[in-house]
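Asks: could you look at this predicted model? Sequence included:
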Amino acid sequence: GAVVSQHPSRVICKSGTSVKIECRSLDFQATTMFWYRQFPKQSLMLMATSNEGSKATYEQGVEKDKFLINHASLTLSTLTVTSAHPEDSSFYICSARGGESYEQYFGPGTRLTVT
Amino acid sequence: KNEVEQSPQNLTAQEGEFITINCSYSVGISALHWLQQHPGGGIVSLFMLSSGKKKHGRLIATINIQEKHSSLHITASHPRDSAVYICAVGSETSGSRLTFGEGTQLTVNP
């Protein structure tokens, strides 16, 4: 099946710094990418939807200035957590969809710890 | 009431047992997904279905659109099947935007 990668898989950063997470579709063109966060023992929460070449659509309650999403190409989307705080520590997962299919392919996730 | 409800929340089985996880939803859907999440977090898409039944190895997924219900079955369960299984639906109106169930923690003991 289709493959989606994320980098890094784990990152520890200090409070106040910014962290960039990459999501790549390796063998298909992802017209739409989704970014989720997951707190321990909870389900995934959609943060934003990004379409290649256009601005991301953020879910209610997600600060667009804090979570910057760029989807500059059909194979790469990035999520930048700006001025990270300990409460931003979470598991961030991306998924990608190509064309008109409803099928989504999930990345392996990135564990962010802010100290 | 959540749009997507899974049962049971936790399930412990002995190796070799037949396992069923249920998912009920309250909205019209475009597709339903079954996902597997292992400890460490990575998510694997098991099935996407909008009608009928799909089978892959020891896994079988069924959906009844009229009853708004889906089941995931695992035959001859194995300890490596231990994971969280998540049901997610894409609504008719939002297409690929998914709504997730709370997940079912499955533990298969040897």
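Replies: Thanks, I have the structure now.
Asks: quick one, what contacts residue 85?
Replies: Just so you know, I chose chain A. Contact analysis of residue A:85 by Cβ atoms under 8 Å, 6 or more residues apart in numbering or on different chains lists A:15, A:16, A:114. Every residue, glycine included, has its C-beta placed from N, CA and C.
Asks: try again with chain B
Replies: B:6, B:21, B:34, B:35, B:36, B:37, B:46, B:72, B:103, B:104, B:106.
Asks: counting neighbours, what do you get for the nearest residue to it once chain neighbours are set aside?
Replies: Spatial nearest neighbour of residue B:85, excluding adjacent residues (Cβ to Cβ, 6 or more residues apart in numbering or on different chains): residue B:104 at 4.9 Å. Using other Cβ atoms under 10 Å in any protein chain shown, residue B:104 is surrounded by 21 other residues.
Asks: ok, residue B:83 next?
Replies: Using other Cβ under 10 Å, residue B:83 is surrounded by 19 other residues.
Asks: which sections of chain A are below the confidence cut-off?
Replies: Along chain A, segments meeting pLDDT under 70 span A:1-2, A:100.
Asks: can you show me the strands along it?
Replies: A:4-7, A:10-13, A:19-25, A:32-38, A:45-51, A:57-58, A:67-73, A:76-81, A:90-97, A:105-106, A:110-114 (DSSP state E).
Asks: of those, which is nearest chain B?
Replies: Of all the strands of chain A, strand A:105-106 sits nearest to chain B, with 4.0 Å by Cβ to the nearest Cβ.
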